[in-house]
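J.: got a sequence here, can you build the structure:
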Amino acid sequence: MVSIVYGKSGTGKSDRIFAEAGRAAQSGRVFLLVPDREAVVAESRAASLPFAGNIDVLTFGRLCNTLFRTYGGLCVDYIGKGAKKLMMRNVMCAMAPLLKEYGRDPRGLGIYEKLSSMRTVCYQDKIFPSELERAAATLGHETPLGAKLSDLSLIFASFDAEIAARWEDPDGMLSRAAELLSEHDFFAGSTVLIDSFTSFSPQQTDILTHILRGARDVMITLPYLPEEREEAAVRFLAGTDDRVRRAAARAGVHEIRSVILREMTRYRSDEMKALAGAIWSQTAEEGVWREVPEDITLVRAANVFAEAEAAALDICRAIRRGLRYRDIAVIVRDPKSYEGILDAVFRKYEIPYFMSSRKEIAEKPLVKLIFSAFSIIDRGFRGQDVITYLKTGLTGLLPDEVSLFENYIIKWNLRGKLFTGDEPWNMHPRGYGYTFADEDHGVLVTLA
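T.: From the prediction side, this is the model:
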């Protein structure tokens with residue numbers, strides 16, 4: 001049985017999925033397919049269910065890995081992102097005499113990365129060089145757009161041939177997985193639950209077709225209501241719905257059960273329920289709250305500083321009413337634009353807080369220390385690598401000492417043997433033309 005669960009955000013679609021996972025796991029294997037961003041939360045919820053050992057939480061990437069481990073194809077030499085950009089550069093240089101729009105001198109190295117990313121999107125959407133050439137012929141090769149499409153067709157075709165001769169392309173991972181699913185009944189007798197997706201790429205749709213063909217039961221959630229499919233805000237979701245149904249038809253599934261959830265179960269406040277239900281509505285009448293709101297307040301602040309002050313004062317009022325700090329969350333669209341403002345205001349009002357934001361692991365002090373140490377050795381003691389190493393805060397030097405080192409390294413462009421040699425540094429800390437004073441000798445002593 002194939003089911004599609006419809007409902008706006010907050011209507012309990014995921015709860016329905018996990019309830020079904022707990023029920024189905026009692027009698028067979030369950031696959032829960034979610035986007036990458038939802039994987040950790042889904043694993044946590046699945047682990048709390050009965051018979052959790054029968055539930056596998058997958059993303060499309062994990063599914064590929066599982067298939068390759070099961071049927072072969074895991075140990076292949078994939079080309080990396082850096083190698084792709086180098087390959088794109090080599091291809092464009094070789095093809096330059098044949099190109100009309102992209103044959104001129106490249107405008108910086110960024111063009112190679114952009115074309116590599118563009119080729120990845122085309123590959124994942126199953127737009128191949130032959131289709132680009134047909135589009136170019138339809139538009140006319142003499143038109144600017146037609147000439148660009150023709151160039152892209154030549155570039156991508158040559159690029160694909162170069163990669164195929166030496167590597168496997170990670171962009172084709174889903175296609176390889178789909179081929180394995182066409183040869184093996186991996187999902188036979190299982191229950192597959194697909195949650196939190198708003199769209200599927202053509203490659204993912206091929207995988208979905210095999211799931212619909214092989215699994216015993218399939219349940220898919222979509223965050224909209226079918227009767228609103230013509231509204232602009234959800235039209236792309238209606239397109240996803242249509243693609244899922246076409247995939248089911250290709251899989252030989254002609255009966256799909258629709259489950260429509262209308263009641264907002266996530267919110268206790270009637271005002272929040274009304275807001276969540278009507279925020280994207282194109283009908284003005286549906287979006288009107290007739291009473292004076294008590295749970296929602298709209299504050300128009302003059303700037304970010306005033307906005308932070310308003311939030312802090314509201315938190316203070318909530319604490320006086322009996323709330324606890326741990327029950328309060330402040331959500332912003334762009335955390336970087338509030339850095340140094342929101343945290344300063346919270347300290348002013350003595351509000352304890354934890355600021356969560358995405359940070360690259362390479363920016364963590366310990367990791368940066370290790371990476372910069374390797375860079376120092378690998379690149380022959382470049383000045384910038386040494387400065388990065390010193391500024392991690394893990395070298396035992398005081399901030400003022402690090403500043404002295406940084407200024408001296410930059411002033412005299414120190415590198416290589418100047419760091420590793422036995423000769424002491426005797427260049428003036430302030431540069432050429434200065435007479436040594438006692439203070440300057442002190443700086444040299446500190447640097448030594």
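
J.: please make it C-alpha for all contacts and neighbour counts, starting now.
T.: Fine.

J.: neighbours around G103, how many?
T.: Neighbourhood size, G103 [other CA atoms under 10 Å]: 15.

J.: now do the SS call for it.
T.: Using DSSP: H, G, I helix; E, B strand; the rest coil, the three-state assignment for G103 comes out as coil.

J.: show the pLDDT at the closest residue to it other than its chain neighbours.
T.: For G103, ignoring the flanking residues on the chain, the nearest one in space by CA to CA, 6 or more residues apart in numbering is A96 at 4.3 Å. As predicted, A96 sits at a pLDDT of 88.

J.: just R347 next, same as before
T.: With respect to pLDDT, R347 scores 95.

J.: tell me how far it lies from I211.
T.: 53 Å (CA to CA, to the nearest Å).

J.: of these two, who's got more company?
T.: A side-by-side neighbour count of R347 and I211, using other CA under 10 Å, places I211 first with 25 against 13.

J.: quick one, what contacts the more buried one?
T.: Residues in contact with I211 (CA atoms under 8 Å, 6 or more residues apart in numbering) are F187, V192, V218.

J.: neighbour-wise, which one of the residues you listed leads?
T.: V192 (28 neighbours).

J.: now that residue. Its backbone dihedrals?
T.: Here is the backbone geometry of V192 (degrees, to the nearest 10): phi -120, psi 120.

J.: show me where the stretch 151-300 of the chain has its strands.
T.: 191-194, 217-222, 256-261 (DSSP state E, counting those that start in this stretch).

J.: starting at the chain centroid, how far to the last one?
T.: Counting by CA atoms, centre = their mean, to the nearest Å, strand 256-261 is centred 30 Å from the centre of its parent chain.

J.: parallel or antiparallel, list what pairs with that strand.
T.: strand 2-7 (parallel) (DSSP bridges).

J.: what do you get for the shortest one?
T.: Here the strand partners of strand 191-194, with direction, are listed using DSSP bridges: strand 30-33 (parallel), strand 217-222 (parallel).

J.: any chance of these in TSV, plus distance to S196 and mean pLDDT?
T.: TSV is the format used below for these (distance: least, CA to CA, whole Å; pLDDT from 0 to 100):
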stretch	distance to S196	mean pLDDT
strand 30-33	9	98
strand 217-222	7	98
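
J.: now tabulate the ones you listed in a markdown table and tack on distance to V76.
T.: Below are the strands paired with strand 191-194 laid out as a markdown table (distance: least, CA to CA, whole Å):
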| stretch | distance to V76 |
| --- | --- |
| strand 30-33 | 25 |
| strand 217-222 | 32 |
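
J.: out of those strands, the one nearest D295 is which?
T.: Nearest to D295, of all the strands paired with strand 191-194, is strand 217-222, at 28.3 Å by CA to CA.

J.: any buried residues in that closest one, and which?
T.: Buried residues in strand 217-222, counted by 16 or more other CA atoms under 10 Å: D217, V218, M219, I220, T221, L222.

J.: off-centre distance for it?
T.: 24 Å.

J.: also stretch 296-310?
T.: 29 Å.
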